[in-house]
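Enquirer: Could you look at this predicted model? Sequence included:
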Amino acid sequence: MLFEYMDHDLTGLANQARFSVPRTVKCYMSQLLKGLHYCHASGVLHRNIKSSNLLINNEGNLKPGDFGHARTFSSKDHHNAKLTNQVVTHWYRPPELLLGATKYGRAGDMCSAGCMFAELHCCGKPVFNGKTEADVLTKTVEVCGAPDEVNWPEVSRLPWFNRFDFKQMKARKRPLSETFRHSDRHFGLVGETAYS
């Protein structure tokens, strides 16, 4: 197999000052979302969106790379097929996978894209950079609030839900738009939509 040469990955560029320019973040996120749309429309779940798997050439074109965890799915059975929940670097792993889900679809890739958006926008570092999966889930609850049957119907049916005491976690009950209030007014709303 031959692939075009890409000069960088997003990890290598993340600390550069140009990410403080909203236009650059919007450009990269637009390309990531178009790439994911193409994958999903073709019946492919990427399942490992993270900065080191987003490749960029010197012209600023971004493409998802490393399809080692990718799986095909059909729109008919993507909620019925059992998949492993041990995919996606845990900093970018969707909460449903952290809670043991083995039936999931495109939403997992979109959640990882939301994490990438927050990383690009905030500080060039992963927002949920916990040392363990439990730590990542705790950090997620701190930013997004605790899951319950009101905001996430049937969450208590996920296999590992009872492993966590969400009442003990310090959940901030504020929207991401408030968390990122210092930024472009659209950033918080877009990140919140992608992560929910």
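Expert: Perfect, thanks for sending it.

Enquirer: Kindly list the longest helix within the protein.
Expert: When the chain is parsed with DSSP state H, its longest helix is helix 22-41.

Enquirer: Which parts of this structure are strands?
Expert: Residue ranges of the strands in the chain, as given by DSSP state E, are 8-9, 44-45, 54-56, 62-64, 71-72.

Enquirer: Just list what the first one packs against, helices and strands only.
Expert: For strand 8-9, the elements it packs on are strand 54-56, judged by 3 or more C-beta pairs under 8 Å, 6 or more residues apart in numbering; DSSP states H and E. For every residue, glycine as well, the C-beta is placed using N, CA and C.

Enquirer: so residue 48 makes contact with residue 54?
Expert: No. Using C-beta atoms under 8 Å, residue 48 makes no contact with residue 54, being 10.6 Å away.

Enquirer: tell me the contacts of the residue positioned nearest the centre of the chain?
Expert: In the chain, the residue lying closest to the centroid (C-alpha atoms, centre = their mean) is residue 112, at 1.2 Å. Taking C-beta atoms under 8 Å, 6 or more residues apart in numbering, we find residue 112 in contact with 46, 48-50, 88, 92-94.

Enquirer: ok, now with 6 Å
Expert: When contacts are counted by C-beta atoms under 6 Å, 6 or more residues apart in numbering, residue 112 touches 49, 88, 92.

Enquirer: Quick check: the gap between residue 159 and residue 94.
Expert: Residue 159 sits 14 Å away from residue 94, going by C-beta to C-beta, to the nearest Å.

Enquirer: Same check on residue 83?
Expert: 12 Å.

Enquirer: Looking at these two, which one has more neighbours?
Expert: Neighbour count, other C-beta atoms under 10 Å: between residue 83 and residue 94, residue 94 has more, with 22 against 19.

Enquirer: re earlier: I'd like to know which elements the longest helix of the chain is packed against.
Expert: Packing partners of helix 22-41 (3 or more C-beta pairs under 6 Å, 6 or more residues apart in numbering; DSSP states H and E): strand 62-64, helix 107-122.

Enquirer: what about 10 Å?
Expert: Applying 3 or more C-beta pairs under 10 Å, 6 or more residues apart in numbering; DSSP states H and E, we find helix 22-41 packed against helix 10-13, strand 44-45, strand 54-56, strand 62-64, helix 107-122, helix 185-195.
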